[in-house]
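Chemist: Sequence first, predicted coordinates after that:
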Amino acid sequence: MNILPDTPSTSPPEPGFSAPDPTGSTDAHGAGVVKPRDAPGAMELPWTRILIVGAICFAVWLLLDAPSLQKSAQASPLGSRRTVSLDVVGPVAAVSRGLGLAHVVGWTDDLLGRSVGGGPSLSIATPPIIPVTKGNGNGKGPALAVTTPTTTPTASTAPTPTTLPPLPQHPTAANPLQVVMIGDSIGIDLGPPLTNDLIGTGVVAAILDGKIDTGLSRPDYFDWPAELRADLANHHPQLVVVMMGANDPQSLEVNGTAVAYGTAGWNAAYSARVGAFMDTANAAGAHMLWVGMPPMAGSQLDGEMNVVNGLVQSQAATRPAGVTYLSSRNVLGDGQGNYTAYLTNGSGSEVNIRAPDGIHLTLGGGEVLSQAVMNSIRGTLKIALPG
């Protein structure tokens with residue numbers, strides 16, 4: 001019987017075989033070998049140092065991004081969670097602004113094309129609108145926050161009653177009808193098609209002032225009454241077109257007390273805000289055309305929009321000389337005013353009018369509603385706009 005020797009063989013390795021490299025490198029074929037922990041270049045950090053580094057990184061991020069976090073907290077529903085968030089983030093945001101660190105995030109957002117709700121946006125020239133038909137995509141790009149430069153908001157004052165001057169029935173290129181279009185993100189969906197169509201008549205000067213995630217319920221987040229006063233002072237419109245309300249079914253703060261949506265108190269408080277908004281425009285000599293919210297795909301939101309539309313329409317009805325209400329339910333809904341994503345146009349083609357979220361409008365939907373607004377201006381307001 002032959003016994004194998006205990007000592008390693010000195011014979012050469014077989015072809016194609018490579019012995020492991022004790023230094024922890026790789027073989028000729030790139031096969032990895034575990035590197036000993038005590039090999040040169042290995043590093044170990046105590047967990048306390050890792051924790052400290054992580055805490056420092058978090059603190060730096062919080063200091064830089066605190067103003068954005070504060071804006072997000074301001075936009076959240078009223079309640080204890082919002083209050084605590086503001087109490088925690090508010091002082092940090094104040095320090096960030098005081099040190100000028102907030103500009104770092106602002107510059108980064110500008111470079112990346114991002115915007116934070118609640119801050120000022122840029123006024124833009126609206127591009128040509130191309131109706132989108134079924135089969136060409138949903139036509140829904142990202143919502144744009146567009147607004148005109150504003151003056152510094154002043155303290156709220158009750159509008160002074162005045163006699164509204166009549167709207168010009170025959171505007172001309174030399175003396176055009178002055179129009180300002182304002183609204184939330186759905187209003188922004190309508191804005192570019194409408195301002196393009198108005199300007200295209202050659203007898204209208206139109207400006208779009210929109211802000212996403214806004215409405216009349218949360219002036220602490222974005223003060224639309226102050227923005228309207230600025231638009232009236234800066235642009236002297238004869239007609240203000242309004243489309244907002246999708247964000248408004250939430251608690252209101254009235255004299256420091258939260259008033260829950262769905263209560264009689266909420267209906268009364270919201271109606272008062274809508275009425276005051278209308279009066280502000282009328283007191284400055286501007287007529288108002290308020291476009292109601294369209295039908296929504298979700299039953300809960302659709303019911304909420306019915307409530308908001310009803311309150312707005314009631315307020316408009318008490319101001320027939322200065323405010324016109326245009327329902328969009330029949331314009332953008334099916335034969336019964338219910339939600340539909342497609343409408344058939346005059347040539348028999350199906351037009352995609354609603355975005356996949358069941359809330360916003362596509363470019364095609366914005367154009368359909370724009371034509372309804374144009375018809376209302378011609379018919380109800382009796383302004384002769386070239387076709």
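Modeler: Now that the structure is in, tell me what you want to look at.
Chemist: C-alpha only now, for contacts and for neighbours.
Modeler: Will do.
Chemist: So the protein: which segments form each domain?
Modeler: 47-112, 177-379 (automatic domain parsing).
Chemist: Now tabulate the ones you listed in JSON lines and tack on mean neighbour count and distance to Pro171.
Modeler: Compiled in JSON lines, the domains of the chain are given as follows (neighbours: other Cα atoms under 10 Å; distance: least, Cα to Cα, whole Å):
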{"stretch": "domain 47-112", "mean neighbour count": "15", "distance to Pro171": "39"}
{"stretch": "domain 177-379", "mean neighbour count": "20", "distance to Pro171": "6"}
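Chemist: can you give me the mean pLDDT across stretch 259-274?
Modeler: Mean pLDDT, stretch 259-274: 97.
Chemist: cool, and stretch 335-349?
Modeler: 92.
Chemist: what comes into contact with it?
Modeler: 133-134, 295-297, 329-334, 350-355, 358 (Cα atoms under 8 Å, 6 or more residues apart in numbering).
Chemist: Restricted to helices, list those residues.
Modeler: Members of the contacts of stretch 335-349 lying in helices (criterion: DSSP state H): 329-332.
Chemist: Redo those as TSV? Include pLDDT and distance to Phe222.
Modeler: Shown next, in TSV, are the ones in helices among the contacts of stretch 335-349 (pLDDT from 0 to 100; distance: Cα to Cα, whole Å):
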residue	pLDDT	distance to Phe222
Arg329	96	27
Asn330	92	30
Val331	97	29
Leu332	98	28
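Chemist: Relative to Ala206, which of the residues you listed is nearest.
Modeler: Val331 (22.4 Å; Cα to Cα).
Chemist: That closest one against Leu369, yeah?
Modeler: Yes. Taking contacts as Cα atoms under 8 Å, Val331 lies within contact range of Leu369: 6.6 Å.
Chemist: next helix or strand past the least confident helix or strand in the chain by mean pLDDT?
Modeler: In the chain, no helix or strand scores lower on mean pLDDT, DSSP states H and E than helix 102-112, which sits at a mean of 48. Moving toward the C-terminus from helix 102-112, the next helix or strand (DSSP states H and E) is strand 177-183.
Chemist: Which elements pack onto the helix or strand just after that following strand?
Modeler: The C-terminal neighbour of strand 177-183 among helices and strands, as given by DSSP H and E, is helix 185-200. Packing partners of helix 185-200 (3 or more Cα pairs under 8 Å, 6 or more residues apart in numbering; DSSP states H and E): strand 177-183, strand 204-210, strand 239-243, helix 363-379.
Chemist: If we use 6 Å, what do you get?
Modeler: If contacts are counted by 3 or more Cα pairs under 6 Å, 6 or more residues apart in numbering; DSSP states H and E, helix 185-200 sits against strand 204-210, helix 363-379.
Chemist: got a markdown table for these, with distance to Thr280 and mean pLDDT too?
Modeler: Below are the helices and strands packed on helix 185-200 laid out as a markdown table (distance: least, Cα to Cα, whole Å; pLDDT from 0 to 100):
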| stretch | distance to Thr280 | mean pLDDT |
| --- | --- | --- |
| strand 204-210 | 17 | 98 |
| helix 363-379 | 21 | 98 |
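Chemist: In TSV: the ones you listed, plus distance to Ala233.
Modeler: Output for the helices and strands packed on helix 185-200, formatted as TSV (distance: least, Cα to Cα, whole Å):
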stretch	distance to Ala233
strand 204-210	14
helix 363-379	23
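Chemist: and the end-to-end length of stretch 166-185?
Modeler: With Cα to Cα, to the nearest Å applied, stretch 166-185 spans 30 Å between its terminal residues.
Chemist: Compute the distance between Thr380 and Met374, please.
Modeler: On the measure of Cα to Cα, Thr380 and Met374 end up 10 Å apart.
Chemist: My error: substitute Leu232 in the last question.
Modeler: Taking Cα to Cα, one finds Leu232 at 21 Å from Met374.
Chemist: Same check on Asp334?
Modeler: 21 Å.
Chemist: out of everything not next to it in sequence, what's closest to Glu304?
Modeler: Pro249 (6.5 Å; Cα to Cα, 6 or more residues apart in numbering).
Chemist: host element of Ala268?
Modeler: helix 264-283.
Chemist: That helix: what's the following helix or strand?
Modeler: Toward the C-terminus from helix 264-283 - assigned by DSSP H and E - lies strand 287-291.
Chemist: Name every strand pairing with that following strand and say which way it goes.
Modeler: Counting by DSSP bridges, the strands paired with strand 287-291 are strand 239-243 (parallel), strand 323-326 (parallel).
Chemist: Can you name the element that comes right after it?
Modeler: helix 299-317.
Chemist: tilt between that following helix and strand 287-291?
Modeler: Angle, helix 299-317 to strand 287-291, by axes from the mean of the first three to the mean of the last three Cα atoms, to 10 degrees: 160 degrees.
Chemist: which residues touch helix 299-317?
Modeler: 271, 275, 292, 295-296, 323 (Cα atoms under 6 Å, 6 or more residues apart in numbering).
Chemist: So for that helix, mean pLDDT?
Modeler: For helix 299-317, the mean confidence score works out to 98.
Chemist: Pull that helix out as CSV, backbone CA atoms only.
Modeler: C-alpha atoms of helix 299-317 as CSV (Å, rounded to 0.1, in the frame of the first residue of the first chain):
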residue,chain,number,x,y,z
SER,A,299,-66.5,59.7,-6.9
GLN,A,300,-65.4,61.4,-3.7
LEU,A,301,-63.5,64.2,-5.4
ASP,A,302,-66.4,64.5,-7.9
GLY,A,303,-68.8,65.0,-5.1
GLU,A,304,-66.5,67.6,-3.4
MET,A,305,-66.2,69.5,-6.7
ASN,A,306,-70.0,69.6,-7.0
VAL,A,307,-70.2,71.3,-3.6
VAL,A,308,-67.5,73.8,-4.5
ASN,A,309,-69.1,74.5,-7.9
GLY,A,310,-72.5,75.0,-6.2
LEU,A,311,-71.2,77.5,-3.7
VAL,A,312,-69.3,79.5,-6.4
GLN,A,313,-72.3,79.5,-8.7
SER,A,314,-74.5,80.8,-5.9
GLN,A,315,-72.1,83.7,-5.2
ALA,A,316,-72.0,84.5,-8.9
ALA,A,317,-75.8,84.6,-9.1
